[in-house]
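Undergrad: Okay, here's the prediction I keep looking at, along with the sequence it came from:
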Amino acid sequence: MIPDLRHNYTNHGWLRERAILAAKNLDVDVINFKIQQSLPGNEITFKSNDTVVDPDEVVNYPVEFLNSLDLPGMPPHNLRLKIGSPIILLRNLNAPKLCNGTRLVIKKITGNILQATILIGKFQGEVVLLRRIPIMIPSDSPIPFKRFQFPIRLAFSLTINNSQGQTMTICGLDLENPCFSHGQLYVACSRVGKPSNLFVYTPHGLTKYIVNIMALR
């Protein structure tokens with residue numbers, strides 16, 4: 001799936017054509033951490049600044065608690081990066097060049113500025129600068145707070161939901177924890193054009209296929 005990574009990760013053509021998909025953020029984070037550890041160079045950690053929207057709620061939601069939250073569509077509190085690591089944007093920054101779902105690779109880290117090369121789409125190969133921005137928690141969250149952080153996550157591995165709209169030549173699918181919603185398995189399997197380029201791991205060779213009950217009527 002990712003053969004000889006230490007020699008290939010600087011090849012953007014090789015990097016853009018492959019990724020490992022998983023159903024949950026927890027699985028994706030574990031995979032990303034393990035792969036990034038195999039890259040040469042120092043790992044740099046960027047910690048977010050988390051604050052509640054309503055100042056009167058500070059006592060109820062201390063900063064340590066907000067830091068511990070890792071929610072879908074949000075960057076992590078502890079964002080660990082290395083030069084050469086692929087990332088995915090979580091927000092629209094400058095459409096159509098920098099949109100939610102754009103994959104890039106870290107080129108240089110200077111203070112609180114990331115220099116990155118766009119991996120996919122019309123603007124692939126262009127170098128852009130990324131900075132931290134205030135990111136509001138999704139509206140369906142019971143705790144209104146904002147996170148000041150780079151709007152990115154590592155992208156050696158992606159959640160199946162984040163992979164929608166992505167096209168890959170080679171795709172790994174880790175289903176140690178199975179899909180949990182209708183259509184996820186189809187989305188994951190349709191990221192590649194040839195079945196022979198899809199590599200699936202499941203415990204005991206079995207997984208769940210979630211179907212909307214309305215589709216069976």
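TA: Cool, the structure landed.
Undergrad: Would you mark the buried spots in stretch 90-110?
TA: Within stretch 90-110, the residues that count as buried by 16 or more other C-beta atoms under 10 Å are 90-91, 93, 98, 101-106, 109. To be clear about C-beta, it is placed using only N, CA and C from the backbone, and glycine gets the same treatment.
Undergrad: Can you tell me which of the residues you listed comes closest to residue 5?
TA: The nearest member of the buried residues of stretch 90-110 to residue 5, counting by C-beta to C-beta, is residue 105 at 13.1 Å.
Undergrad: and residue 15, that one's in a helix?
TA: Yes. The assignment for residue 15 (DSSP: H, G, I helix; E, B strand; the rest coil) places it in a helix.
Undergrad: That one touches residue 9, doesn't it?
TA: Yes. Shown here, residue 15 and residue 9 form a contact pair, counting by C-beta atoms under 8 Å, at 6.3 Å.
Undergrad: which intervals of this protein have sub-threshold pLDDT?
TA: Along the chain, the parts satisfying pLDDT under 70 run over 1-3, 138-140, 212-217.
Undergrad: now with 80?
TA: 1-7, 137-142, 208-217 (pLDDT under 80).
Undergrad: which residues touch stretch 14-31?
TA: With contacts defined as C-beta atoms under 8 Å, 6 or more residues apart in numbering, stretch 14-31 is touched by 1-2, 8-9, 70, 72, 76, 86, 103, 105, 119-120, 124, 153, 155-160, 163, 166, 168-180, 184, 188, 191.
Undergrad: And the longest strand along the chain, how far out from the chain middle?
TA: Scanning the chain for the strand with the most residues, using DSSP state E, yields strand 103-110. Relative to its chain's centre, strand 103-110 lies at 14 Å (C-alpha atoms, centre = their mean, to the nearest Å).
Undergrad: just checking, what packs against that strand?
TA: Helices and strands touching strand 103-110, as assessed by 3 or more C-beta pairs under 8 Å, 6 or more residues apart in numbering; DSSP states H and E, comprise helix 12-16, strand 86-89, strand 113-118, strand 127-131.
Undergrad: how far off strand 127-131 does that strand point, in degrees?
TA: Angle of strand 103-110 versus strand 127-131, following axes from the mean of the first three to the mean of the last three C-alpha atoms, to 10 degrees, is 70 degrees.
Undergrad: Pairing partners for strand 103-110, with directions?
TA: Strand pairing for strand 103-110, using DSSP bridges, gives strand 86-89 (antiparallel), strand 113-118 (antiparallel).
Undergrad: what about the longest one, distance to the chain center?
TA: Shown here is strand 113-118, whose average C-alpha point lies 16 Å from the average C-alpha point of the whole chain (C-alpha atoms, centre = their mean).
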